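In: This is the structure alone, sequence omitted:
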């Protein structure tokens, strides 16, 4: 099915209040342009080394989101232009982002990634680690990051109740830290959860932003 048709079907499934991030991992500029020509402007990339050439090759009104694991030494490549980093999974990484934000004289919008799945292969801070970060002097002295919310990846399983529970816990944690640390910060409003296989569940549990790749662009080729 054409990319434009896939986009139309997904948009019809999700409320206007939910941001659709079209994830372009392994996709060519030509494939991304199909979605762009269908009116889409918010795209996500999983690797900084793929994001930079796509940013340079494609129209400048695209909002690029970094949705995959971000290594500290790659932050400098995307800091000048990235619209949102979803995957801040450690205090160390946030410190580097703040440093690169200062170099570029811009506040870099970020989400704190929380580990909500059973799988150890997924990244993210634990709930306690996140609380410690938000209560630290390190965090309060960061002037060049803007925390806009949380991100989480649920366990990859057919057990929808397990997935729903993980999303629900993240939403509850969002409410808790919103009240404690971001009560008067209107920008702290995003919960990025849900991908191609579970975005409808995520929306039911309070997601404001879904990261959808294969349901838009088709399955990725197997890695060798």
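Out: Sure thing, it's come through. Quantities reported herein were computed from a predicted structural model and do not represent experimental measurements.
In: And residue 78, how close does it get to residue 29?
Out: In this structure, residue 78 lies at 17 Å from residue 29, with Cβ to Cβ, to the nearest Å as the measure. Every C-beta, even on glycine, is put in place using the N, C-alpha and C of the backbone.
In: Where does pLDDT dip in this structure?
Out: With pLDDT under 70 as the threshold, the chain has low-confidence stretches at 220-224.
In: Pick out the residue closest to the middle of it.
Out: The centroid of the chain falls nearest to residue 86 when counting by Cα atoms, centre = their mean (3.2 Å).
In: and that residue, that's in a strand?
Out: Yes - the assignment for residue 86 (DSSP: H, G, I helix; E, B strand; the rest coil) places it in a strand.
In: Quick one: residues contacting it.
Out: Applying Cβ atoms under 8 Å, 6 or more residues apart in numbering, we find residue 86 in contact with 44, 65, 66, 67, 111, 113, 151, 192, 211.
In: mind running it again at 7 Å?
Out: If a contact means Cβ atoms under 7 Å, 6 or more residues apart in numbering, then residue 86 has 65, 66, 67, 111, 113, 151, 192 as its contacts.
In: Of all pairs in the residues you listed, which one is the farthest apart?
Out: Longest distance between any two of the contacts of residue 86 is 12.7 Å, between 65 and 113; criterion Cβ to Cβ.
In: Can you report how many residues lie near residue 55?
Out: Neighbour count for residue 55, taken as other Cβ atoms under 10 Å: 19.
In: I'd say it and residue 63 touch.
Out: No - the pair residue 55 and residue 63 does not pass the contact test of Cβ atoms under 7 Å, sitting 10.6 Å apart.
In: Now do the closest residue to residue 42 other than its chain neighbours: how many residues are near it, please.
Out: Spatial nearest neighbour of residue 42, chain neighbours left out: residue 63 (4.8 Å); criterion: Cβ to Cβ, 6 or more residues apart in numbering. When neighbours are defined as other Cβ under 10 Å, residue 63 has 14 of them.
In: What of the one 5 residues further on?
Out: Counted with other Cβ under 10 Å, the neighbours of residue 68 add up to 17.
In: Number of residues surrounding the residue nearest to residue 19 when sequence neighbours are not counted?
Out: Beyond its immediate neighbours in the sequence, the residue positioned closest to residue 19 (Cβ to Cβ, 6+ apart) is residue 209, lying 4.4 Å away. The local packing of residue 209 (other Cβ under 10 Å) involves 27 other residues.
In: Any chance you could list what contacts the longest helix seen in the chain?
Out: The residue-count maximum for a helix in the chain (DSSP state H) belongs to helix 160-181. Contacts with helix 160-181, where a contact means Cβ under 7 Å, 6+ apart, come from 114, 116-117, 127, 134, 149-150, 152, 154-155, 157, 188, 191, 193, 198, 201-202, 205-206.
In: One more: stretch 91-103?
Out: Under the criterion Cβ under 7 Å, 6+ apart, external residues in contact with stretch 91-103 comprise 70, 72, 75-76, 79, 85, 88, 107-108, 110, 133, 138, 142, 144-145.
In: can you check stretch 187-201 too?
Out: When contacts are taken as Cβ under 7 Å, 6+ apart, the neighbours of stretch 187-201 outside the stretch itself are 13, 86, 111, 146-152, 154, 160, 163-164, 167, 170-171, 174, 178, 182, 202-203, 206-215.
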